[in-house]
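> I'd like to go over a predicted model; first the sequence, then the structure.
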Amino acid sequence: MVAGLLIVVSGMFACSSPPSSTASRPPESSVAATPRAPQPQLWGDLKPIVSVKELMRDMLDPASDYIFDAVAIVTTKKGVSETAPKTDKDWEKIRIGAVTLAEGVYLLKIPRPFAPPGDENNSTGPEPEELSPAQIKAKLEADPVLWNAKIEALRNVGLEVLEIVKRKDANELWDAAENLDQACENCHLEYWYPGEKALLKKLDHRLEELYGIRPDRSRKLGMDPK
């Protein structure tokens, strides 16, 4: 492909007259004078009220439940029951969850404590399960681009669900719920309990060896692991 492009470009120069020295590039003064599009400005100051942990627990986790709980298949002794949105009220609830998730996750861009005062997560002991707030902050400051990428991934799921609500396509909610779970879990494995990466990989490999299965290890958005 590169060779072909070189041949085409060479032919163009061979068949055309040499360009004038004044028409090939605009003067530096005109380039510098080109105005840039103004950046959007906030209408006021933003001041966080709660920590990341509380924001997840009180806003983003309940919002995610509107999506997670919208579709389900439950098998009991009495049979199989399926949950899916059917009424306008059902879809309105999903829309509320998606809007809250898509808008609310951007609040994680505002610097705030990662946990309430005195809450160190499960970060003490010989083999702590979680990172401390100070450790999470250090990871963020070392690579803020990654932090923002995780935020955008979660926001994209909220936007995806909003489009699904417009079409009222219940079948697509299954994929959206899975995308939501993956976005949450990928963020948690990076900033909340990264030690589980190696442990889960080892357990899954062992289960696959013994039973030939790969378990679905899902964890919801809330800050209370269950």
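Everything's here; your move.
> what mean pLDDT does the helix ranked longest in the chain have?
For the chain, the helix that runs over the most residues, judged by DSSP state H, is helix 144-167. Helix 144-167 carries an average pLDDT of 98.
> then that helix to PDB, C-alphas only?
Written as PDB, here are the backbone C-alpha positions of helix 144-167 (Å, rounded to 0.1, in the frame of the first residue of the first chain):
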ATOM      1  CA  PRO A 144      -5.100  10.400  35.800                       C
ATOM      2  CA  VAL A 145      -5.800   9.500  32.200                       C
ATOM      3  CA  LEU A 146      -6.700   5.900  33.300                       C
ATOM      4  CA  TRP A 147      -9.000   7.300  35.900                       C
ATOM      5  CA  ASN A 148     -10.800   9.400  33.400                       C
ATOM      6  CA  ALA A 149     -11.000   6.500  30.900                       C
ATOM      7  CA  LYS A 150     -12.800   4.400  33.500                       C
ATOM      8  CA  ILE A 151     -15.200   7.200  34.100                       C
ATOM      9  CA  GLU A 152     -15.900   7.600  30.400                       C
ATOM     10  CA  ALA A 153     -16.400   3.800  30.000                       C
ATOM     11  CA  LEU A 154     -19.100   3.900  32.600                       C
ATOM     12  CA  ARG A 155     -20.700   7.000  31.200                       C
ATOM     13  CA  ASN A 156     -20.900   5.300  27.800                       C
ATOM     14  CA  VAL A 157     -23.000   2.600  29.200                       C
ATOM     15  CA  GLY A 158     -25.400   5.200  30.600                       C
ATOM     16  CA  LEU A 159     -25.600   6.700  27.100                       C
ATOM     17  CA  GLU A 160     -26.100   3.300  25.600                       C
ATOM     18  CA  VAL A 161     -29.100   2.600  27.900                       C
ATOM     19  CA  LEU A 162     -30.600   6.000  27.000                       C
ATOM     20  CA  GLU A 163     -30.600   5.000  23.400                       C
ATOM     21  CA  ILE A 164     -32.200   1.600  24.300                       C
ATOM     22  CA  VAL A 165     -34.900   3.400  26.200                       C
ATOM     23  CA  LYS A 166     -35.800   5.400  23.100                       C
ATOM     24  CA  ARG A 167     -36.300   2.200  21.100                       C
END
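> Report the buried residues of that helix.
Across helix 144-167, burial judged by 16 or more other CB atoms under 10 Å covers 147, 150-151, 153-155, 157-158, 160-162, 164-165. Any C-beta I mention is one placed from the backbone N, CA and C, and that applies to glycine too.
> Which residue ranges of this protein form strands?
72-76, 79-83 (DSSP state E).
> right, so of those, which gets closest to residue 124?
strand 72-76 (36.7 Å; CB to CB).
> what separates the closest one from the chain centre, distance-wise?
28 Å (CA atoms, centre = their mean, to the nearest Å).
> Give the single residue among the buried residues of helix 144-167 positioned nearest to residue 101.
residue 158 (4.0 Å).
> List the contacts of that closest one.
98, 99, 101, 102, 103, 105 (CB atoms under 8 Å, 6 or more residues apart in numbering).
> pretty sure the last one is touching residue 156, no?
No: applying CB atoms under 8 Å, one finds residue 105 not in contact with residue 156, separated by 9.8 Å.
> Low-confidence bits of the chain, can you list those?
Within the chain, the ranges that satisfy pLDDT under 70 run 1-35, 197-210, 213-226.
> change it to 50
In the predicted model, the chain carries pLDDT under 50 at residues 1-31, 217-226.
> got the contact list for the residue nearest to residue 160 when sequence neighbours are not counted?
Distances taken as CB to CB, 6 or more residues apart in numbering put residue 176 closest to residue 160, at 5.4 Å, once the chain neighbours are dropped. Contacts for residue 176 (CB under 8 Å, 6+ apart) come out as 67, 157, 160, 161, 164.
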